[in-house]
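Student: I'll drop the sequence and a predicted model, then ask my questions.
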Amino acid sequence: MTELEIKKSNAAVLVVEDDVLVRMPIAAYLRRCGYRVIEAAGSSEALTVLNQLDLPVDVVLTDVELESGTGGFAVAKWVHENRPRTKIILAGTPRRAAEQAGELCAKGPHLKKPYDHALVETEIRNLLAVRQKLDPCETKLPSRT
């Protein structure tokens with residue numbers, strides 16, 4: 001996607017990653033894809049953002065192996081219990097860690113790190129498309145032109 005193809009979107013993605021060298025490139029890529037991106041360096045920052053109910057978050061992309069705070073699984077569980085309409089994508093290097101998240105994301109998505117940026121964006125687009133089918137008044141997806 002070129003800079004000329006960037007379109008504005010109402011969809012907001014919270015990227016929770018404690019490794020700045022991982023977080024910044026995926027956040028920049030998602031912004032170029034047209035998403036509003038909020039970055040959190042750990043679970044504490046993520047929960048601070050998520051507790052602001054006037055700040056819409058459509059998708060949370062979180063590393064399951066956060067070193068700071070309570071960890072990615074705790075963030076995902078909190079989202080599942082407190083913001084049930086918010087979609088969750090869990091990512092981690094060991095496949096086993098992502099598989100353990102089955103109760104939170106029974107049908108996935110589970111992603112491996114390092115991120116394939118295009119795959120992350122595709123997963124976000126798919127989650128939002130399913131939600132939009134269920135409720136047509138939901139957040140519009142970025143256009144892909």
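Tutor: Right, received. Where do you want to start?

Student: can you give me the strands in the protein?
Tutor: Ranges of strands within the chain are 12-16, 36-40, 59-63, 87-92, 110-112, based on DSSP state E.

Student: of the ones you listed, which approaches residue 126 most closely?
Tutor: Taking C-beta to C-beta, strand 87-92 is the member of these nearest to residue 126, at 9.4 Å. Yep, even glycine has a C-beta here, placed from its N, CA and C like the rest.

Student: just the angle between that closest one and strand 12-16, please?
Tutor: Between the axes of strand 87-92 and strand 12-16, defined by axes from the mean of the first three to the mean of the last three C-alpha atoms, to 10 degrees, the angle is 30 degrees.

Student: related to what we said a few turns ago, if I average pLDDT within each of the strands of the chain, which one is lowest?
Tutor: Per-stretch mean pLDDT for these is lowest at strand 110-112 (a mean of 67).

Student: returning to what we had before: how about the strands of the chain, which one is nearest residue 133?
Tutor: For the strands of the chain, the distance to residue 133 is smallest for strand 87-92, at 13.1 Å, taking C-beta to C-beta.

Student: What strands flank the closest one, and is each parallel or antiparallel?
Tutor: strand 59-63 (parallel), strand 110-112 (parallel) (DSSP bridges).

Student: where does the chain have low pLDDT?
Tutor: Within the chain, the segments meeting pLDDT under 70 span 1-9, 68-69, 93-110, 134-145.

Student: Who are the contact partners of residue 62?
Tutor: 14-17, 43, 46, 72, 75-76, 88-91 (C-beta atoms under 8 Å, 6 or more residues apart in numbering).

Student: Distance to residue 125 and neighbour count added to these, as CSV?
Tutor: Formatted as CSV, the contacts of residue 62 follow (distance: C-beta to C-beta, whole Å; neighbours: other C-beta atoms under 10 Å):
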residue, distance to residue 125, neighbour count
14, 16, 25
15, 15, 26
16, 19, 29
17, 20, 25
43, 25, 25
46, 22, 29
72, 21, 28
75, 22, 29
76, 20, 23
88, 15, 23
89, 11, 21
90, 17, 24
91, 16, 26
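
Student: Point out the most buried one among the strands paired with strand 87-92.
Tutor: Mean neighbours per residue, mean count of other C-beta atoms under 10 Å, is largest over the strands paired with strand 87-92 for strand 59-63, with a mean of 26.
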